[in-house]
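J.: Below are the sequence and a predicted model; questions follow.
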Amino acid sequence: MRTQVAIIGAGPSGLILGQLLHKAGIDAVILERRTGEYVLSRIRAGVLEQVAVDLLDEAGVGERMHREGLVHEGFEILAWGKRHRIDLHGLTGGKCVTVYGQTELTRDLMEARAAQGLPTVYEAEDVAIHDFGGTKPYVTYRKDGREHRLDCDFIAGCDGFHGVCRASVPKNAIREYEKVYPFGWLGLLSDTPPVNDELIYINSPRGFALCSMRSRTRSRYYLQVPLTDKVEDWSDDMFWEELKRRLDDEGRERLVTGPSLEKSIAPLRSFVSEPLRFGRLFLAGDAGHIVPPTGAKGLNLAATDVKLLSTALIEHYVEGSDAGLDHYSERTLRRIWRAERFSWWFTMLTHKFPNENPIEEKLRESELEYVLHSEAGRRTIAENYVGLPLDFGES
Ligand code: RFL
Ligand code: PHB
């Protein structure tokens, strides 16, 4: 089999890239290790920046998102028992975010791809990438017990943090920056109305918590937990009790509890690999970087990576120019580091760090107090949360 772009991974990065390339008349085949149902069962992101919303429109899959997504003009930070509103709309000259689950977005992209008859190979086993340093890269995999070979011009590594693409790059050609945080997030999804119209990020003496949602009838809550905790250690009742302890009186009164539809623990990590291009291999999304979820940036970064990558590939095929491909890594990394910085900073401000030097704890508390009480501080949070412009810092 032959295609122009072999895309490894059918998460949001791979699916959005496939859609943008198809719109431009460029062929792509997506190879995914899991089944489609498995990909849809992973409960992850919930908040989309305007650039991601615009991109989904451009990809032609925005219809249901506009119908069912919830536009949020602000969110709250609860600290020392008091709520502080971050007025995203007012502080950024009218920008907002859209609450729409990654699962729904993935479903829309999968359905659009299937309706257009575009090739996705699910349950592709032992995917291996070859000769991306030369001019004739190819990918091998096994499906239904048979070996297959896919020849291509380029390989897009959209296979997430544990994928095969980054792992195939020689160690001396890549530099990895990593910070693993000493806690994780325990998430619970339930068919209960959200405790609040807007998200609440909670800084409490018992640790961080987040009240989020997927719709007006479905809630998503998170608790900071020690890395040693296992999901089995947490019954639903224990989760709700702990969330109540971290909430304020109003939240405790309004919280509606119910059985969990899903519960999982995610470790928190900041990670960047440099560069993101290796000959004819390009890394995009979680394959190249990870942010702690506090800033709601992971999916949004994945979307902007593939926007830049698709633009560069279109330039190559349509205009015969490789300028975009040559600048992909540098341009993308600049945006990635900005999101990494914000996610790290917002995580530091809102979480409790075990065994911390008391002076560092005091300094972090003081910084949070400052940013919440200063309009400049709140604006800093707001402009990063809604997403800085694609070309920020380039002029
Ligand atoms: P994904 O989604 O991990 O998809 C990669 C795909 O590649 C497949 N794969 C392979 N396929 C073939 N061969 C192999 N060898 C393969 N190895 C892997 C995998 O099966 C998978 O299908 O990466 P992608 O597409 O780059 O998308 C990234 C996003 O999923 C991620 O950044 C976000 O979910 C992060 N995130 C959030 N981002 C936001 O923008 N806003 C949020 O509110 C937000 N909340 C979150 C989050 C992530 C979380 N967790 C669990 C890490 C909340 C949480 C709790
Ligand atoms: C979510 O709804 O899953 C979510 C929302 C905001 C975040 C992280 C996760 O910062």
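T.: Done, it's in. Ligands and ions are numbered 1, 2, ... in the order given.

J.: Phi, psi for residue 156 please.
T.: Dihedral angles of residue 156 (phi, psi; degrees, to the nearest 10) stand at phi -100, psi 110.

J.: Assess the claim that it and residue 5 are in contact.
T.: Yes: using C-beta atoms under 8 Å, residue 156 is in contact with residue 5, at 5.8 Å. From N, CA and C alone the C-beta is placed, and that goes for glycine too.

J.: OK, contacts around the residue of the stretch 101-250 of the chain at minimum distance from ligand 1?
T.: Going by C-beta to the nearest ligand atom, ligand 1 is nearest to residue 160 of the stretch 101-250 of the chain, at 2.8 Å. Neighbour list for residue 160: 9, 11, 285-287 [criterion: C-beta atoms under 8 Å, 6 or more residues apart in numbering].

J.: TSV please, covering those residues and showing neighbour count and distance to ligand 1.
T.: Converted to TSV, those look like this (neighbours: other C-beta atoms under 10 Å; distance: C-beta to the nearest ligand atom, whole Å):
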residue	neighbour count	distance to ligand 1
9	28	3
11	25	2
285	30	2
286	26	4
287	29	6
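
J.: tell me which of those is nearest to ligand 2?
T.: Nearest to ligand 2 among these, with distances taken as C-beta to the nearest ligand atom, is residue 286, at 14.4 Å.

J.: dump the residue contacts of that closest one.
T.: So residue 286 contacts 11, 13, 160-161, 298, 302 (C-beta under 8 Å, 6+ apart).

J.: What ranges does the stretch 201-350 of the chain have for its helices?
T.: 236-246, 249-254, 298-314, 323-350 (DSSP state H, counting those that start in this stretch).

J.: winner for burial among those helices?
T.: Neighbour counts (mean count of other C-beta atoms under 10 Å) averaged over each of the helices of the stretch 201-350 of the chain peak at helix 298-314, with a mean of 25.

J.: That one and ligand 1 in contact?
T.: Yes: applying C-beta under 6 Å from any ligand atom, one finds helix 298-314 touching ligand 1 at 298-300, 302.

J.: which strands and helices sit next to that helix?
T.: If you count contacts as 3 or more C-beta pairs under 8 Å, 6 or more residues apart in numbering; DSSP states H and E, helix 298-314 packs onto helix 12-23, strand 47-48, helix 50-58, strand 154-157, helix 323-350.

J.: Show me which residues of this structure sit near ligand 1.
T.: So the chain meets ligand 1 at 8-14, 31-34, 39, 44-47, 102, 124, 127, 158-160, 162-164, 185, 187, 266, 285-286, 293, 296-300, 302 (C-beta under 6 Å from any ligand atom).

J.: Which among the residues you listed count as buried?
T.: Buried by 16 or more other C-beta atoms under 10 Å: 8-14, 31-34, 39, 44-47, 102, 124, 127, 158-160, 163-164, 185, 187, 285-286, 293, 296-300, 302, out of these.

J.: coming back round to it: give me the common contacts of residue 156 and residue 5.
T.: Going by C-beta under 8 Å, 6+ apart, residues that sit against residue 156 and also against residue 5 are 17, 28.

J.: Those two: which is more packed in?
T.: The residue with more neighbours, out of residue 156 and residue 5, is residue 156; 31 against 23, by other C-beta atoms under 10 Å.
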